[in-house]
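> coordinates only, sequence not included:
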């Protein structure tokens, strides 16, 4: 689940607690995304997992 614009306002509305909450959300989303790609360590992730043409050269 992505929080988009609503997630962006967490820091400005809730101060430091909002920033920490936003960081936790991003970390969980990264963990799930990596697991779905078969990775459990960020050091294993390379550009090779990206679909060609979806990132700048």
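Structure received. No experiment lies behind these values; they were computed from the predicted model shown.
> what about the strands in this protein?
Per DSSP state E, the chain carries no strands over any range.
> which stretches of the chain have low pLDDT?
1-13, 57 (pLDDT under 70).
> so what's the backbone phi/psi at residue 54?
Main-chain dihedrals, residue 54, degrees, to the nearest 10: phi -100, psi 10.
> distance of it from residue 29?
Distance from residue 54 to residue 29, counting by Cβ to Cβ, to the nearest Å: 18 Å. Any C-beta I mention is one placed from the backbone N, CA and C, and that applies to glycine too.
> So between those two, which is more surrounded?
residue 29 (14 against 6; other Cβ atoms under 10 Å).
> Distance of the more buried one relative to residue 14?
Distance from residue 29 to residue 14, by Cβ to Cβ: 19 Å.
> Kindly report the same for residue 46.
In terms of Cβ to Cβ, residue 46 sits 35 Å off from residue 14.
> repeat for residue 23
12 Å.
> cool, and residue 48?
38 Å.
> Show me which of these two is the more surrounded one.
residue 14 (13 against 6).
> which non-adjacent residue is nearest that one?
Distances taken as Cβ to Cβ, 6 or more residues apart in numbering put residue 21 closest to residue 14, at 6.8 Å, once the chain neighbours are dropped.
> Give me the neighbour count for that neighbour.
15.
> And residue 17, by the same measure?
Other residues close to residue 17 by other Cβ under 10 Å number 11.
> what's residue 41 sitting at in phi/psi?
phi -140, psi 120.
> just residue 52 next, same as before
Torsion angles, degrees, to the nearest 10, at residue 52: phi -50, psi 140.
> so how many other residues sit close to it?
For residue 52, using other Cβ under 10 Å, the count is 7.
> separation between residue 49 and residue 20?
Distance from residue 49 to residue 20, by Cβ to Cβ: 28 Å.
> and the residue nearest to residue 14, how far is that from residue 48?
Taking Cβ to Cβ, one finds residue 21 at 32 Å from residue 48.
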